[in-house]
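J.: Pasting the sequence and the predicted model now:
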Amino acid sequence: MTEHFGNGDWSAAKMSRLIQEKTIPTTPGFSFTHGPLEPSLQTTTIGDLLKFHAESSPDHCALIAPSSSTRLTYSELNDRIALVARALLSSGIKAGDRVGIFAGNTAEWVEVFLATARIGAVAVLLNTFFTTSEIKDSVRFTECSLLFISDTLGSHDLWPCINYLETVMENGRAECLLPDLKEIVIFSSNIQKGCRFRSYETYLLRTMRTSEADLGSIEKRVTSDMVCNFQFTSGTTGLPKAAALSHFNIINNAVLMGQIIRLTRDDIVCCPAPLFHAAGLVLGLIGCLTHGATLVLPSPTFDPAITAQVLRSEQCTAIHGVPTILAAIVASYQQMDVRPPPLRTGILGGSQVSPALLRKVQASFGLQDLGVAYGMTETSPLSYIGTGRHADDTAIWLSIMPHTYAKVIDKQGKIVPTGVPGELCIAGYLLQQGYYRNPEKTQEVMRFDEDKQLLWMHTGDEAIMNENGDCHITGRLKEIIIRGGENVYPGEIEDRLNLHPAIAMSAVVGIEDKKYGEVVGAFLELVGQDPPVIEEIQSWVRQTLGKHKAPQWVFYLGKEGVPDCFPKTGSGKIKKTDLSAIGNRLVHRKGKL
């Protein structure tokens, strides 16, 4: 599939091998750095990891999914994955074929993903926020041969979607709408009468066509540089793209992440983040697999109350999640008037983390060494990580991870002096193999540097690097507010707003303005019911920031036409483009535009 990625002779897979042991001199005073070259990168596969733990710790608990009363040891999980892998092979799936998964965080999702990777096929991880049309388009675009789909997603009935797909295939339109899709399998034992698709358990009866010896022979041909999954980018701007990640990418990122937060086989990791997202997949599932820990999937779709209960009942020791998820869990404990259980470690990331939220989560769970992470789908995902020890009242400084390179550049592509903001670029083993069937976009964001002989991922994020190589992420370049020619950074305003005792969470966006072009607008989630007056909010911001950074417009969730909650992507990030549209519409109604 390399021809679909458009990287030419300098593909990310090849470059990973070339640069993993390269030490490049840094120039004092400039924003370029690299992480340590230890520990060594691993060349194992997902199937190898699973078999290793099944042999070395057969009775150790691997997976807990309370929604289906599933509890599997590593030996049982390995046997189950072998069963699913043989069924895939029996239905004609081979190395490189694409297998779609559209379901919540369930044991079946885990089984299909691991089995697909085990035989060298590619799991296409469909965002559970996709509409029926988006599912169809994504399956078509990635050329899936097989689709696994749940019949429900939380309280959402997926049978209308399933029936539509069945109609497409029955009426012969599949040739033009879904030309590569051969079969759909439903994660349900209650198949509607007359439905032509098989249930998951019925599908698994096909294993008799492929022997264990056949599976073993095929597994030996699977290598670590093979693509194992397509991740649809869940950015807050633009259409999603299918980022191709290899075994080598995600296994090594999980290994290094786990070592930094001191993950062990004794940890019980709660993963409320969706598995279709890089954070849930790599930090949750693969992180447990690399360290032999126990993965807990509290519910198929995120439910803060259920997650709060599962954290206590399963005696979890770690948690991974984006800020909105962890904030909702803390709020759930407050509503129950129950103290959160103590946790040992975890990761907070996926979107910008304010010092105020970090301290709140740390205090709630006693997590003094909670890892604050920065990354993106295209970097497998983590490139920078830090802890509460690296935070002050205004910023969290993150340290570069091993085998990772970083630079901060200006609009001309030149490395800026330390302390000067610019676009953050990342290089190393962690780079995606490219966007599937999108060579133009791949080459737009992945550019080879002849000077340093590195392939760089241009993140689109603005950052400041200090003299130690640590980074503070200030926000998305596309989200910077340009007020009368002055750049205003939403992140620093949000950090200040989140310190206000009446504010639970904030999101700052640009609002159209006749005089300045754009002005600051703040959407606020309150701790209580009574909102502060706008003058109080403005005064609060002006105490530490310039007066032009004080919000000209303040919108409170659930009041005066504002939605009750922040619009979010499937991975939990706040959709600021939606907030800008809402803010502009409300201001327009007031006749101020």
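T.: Now that the structure is in, tell me what you want to look at. Worth saying up front: this structure is predicted, and the values here are computed from it rather than measured.
J.: can you give me the mean pLDDT across the longest helix along the chain?
T.: For the chain, the longest helix by residue count, based on DSSP state H, is helix 74-90. Averaging pLDDT along helix 74-90 gives 98.
J.: Return the backbone torsion pair for M457.
T.: Main-chain dihedrals, M457, degrees, to the nearest 10: phi -100, psi 120.
J.: Kindly report the same for H60.
T.: According to degrees, to the nearest 10, H60 has phi -80, psi 140.
J.: who's in contact with it?
T.: H53, T73, Y74, R265, G292, T294 (C-beta atoms under 8 Å, 6 or more residues apart in numbering). Every residue, glycine included, has its C-beta placed from N, CA and C.
J.: so how far is L424 from it?
T.: Computed as C-beta to C-beta, to the nearest Å, the H60 to L424 distance reads 39 Å.
J.: same check, this time on E76
T.: Here E76 is placed at a distance of 43 Å from L424 (C-beta to C-beta).
J.: Where do the strands of the stretch 201-350 of the chain begin and end?
T.: Ranges of strands in the stretch 201-350 of the chain, per DSSP state E, counting those that start in this stretch, are 227-232, 242-246, 268-270, 294-296, 318-321, 345-348.
J.: Starting from the last one, tell me which strands it pairs with and how they run.
T.: Using DSSP bridges, the strands paired with strand 345-348 in its sheet are strand 318-321 (parallel), strand 371-375 (parallel).
J.: tell me which residues in the last one are buried?
T.: So the one you mean is strand 371-375. G371, V372, A373, Y374, G375 (16 or more other C-beta atoms under 10 Å).
J.: And that strand, how far out from the chain middle?
T.: Relative to the chain's own centre, strand 371-375 is displaced by 11 Å; criterion: C-alpha atoms, centre = their mean, to the nearest Å.
J.: Quick one: name whatever helix or strand follows that strand.
T.: Next along the chain after strand 371-375, taking DSSP states H and E as the criterion, comes strand 382-386.
J.: Run through the neighbouring helices and strands of that next one.
T.: Counting contacts by 3 or more C-beta pairs under 8 Å, 6 or more residues apart in numbering; DSSP states H and E, strand 382-386 is packed against helix 247-260, strand 371-375, strand 399-400, strand 404-409.
J.: ok so, going back, please identify the deepest-packed of the strands of the stretch 201-350 of the chain.
T.: Mean neighbour count, computed with mean count of other C-beta atoms under 10 Å, is highest for strand 318-321 among the strands of the stretch 201-350 of the chain, reaching a mean of 28.
J.: neighbouring contacts of that one?
T.: Residues contacting strand 318-321 (C-beta under 8 Å, 6+ apart): 261, 263, 267-273, 279-280, 283-284, 287, 293, 311, 326, 329, 343-348, 350, 365, 572.
J.: try 6 Å this time
T.: For strand 318-321, contacts defined as C-beta atoms under 6 Å, 6 or more residues apart in numbering pick out D267, V269, C270, C271, P272, A273, L283, G284, L343, T345, G346, I347.
J.: what does stretch 84-103 give?
T.: Stretch 84-103 is contacted from outside by 109, 111-112, 115-116, 118-126, 135, 139, 142-150, 187, 203-204, 206-207, 209-210, 215, using C-beta under 6 Å, 6+ apart.
J.: Filter the residues you listed down to the buried ones, ChimeraX style.
T.: Only the buried entries of the contacts of stretch 84-103 go into this ChimeraX selection, using 16+ other C-beta under 10 Å:
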select :109,111,112,115,116,118,119,120,121,122,123,124,125,126,135,139,142,143,144,145,146,147,148,149,150,187,203,204,207,210,215
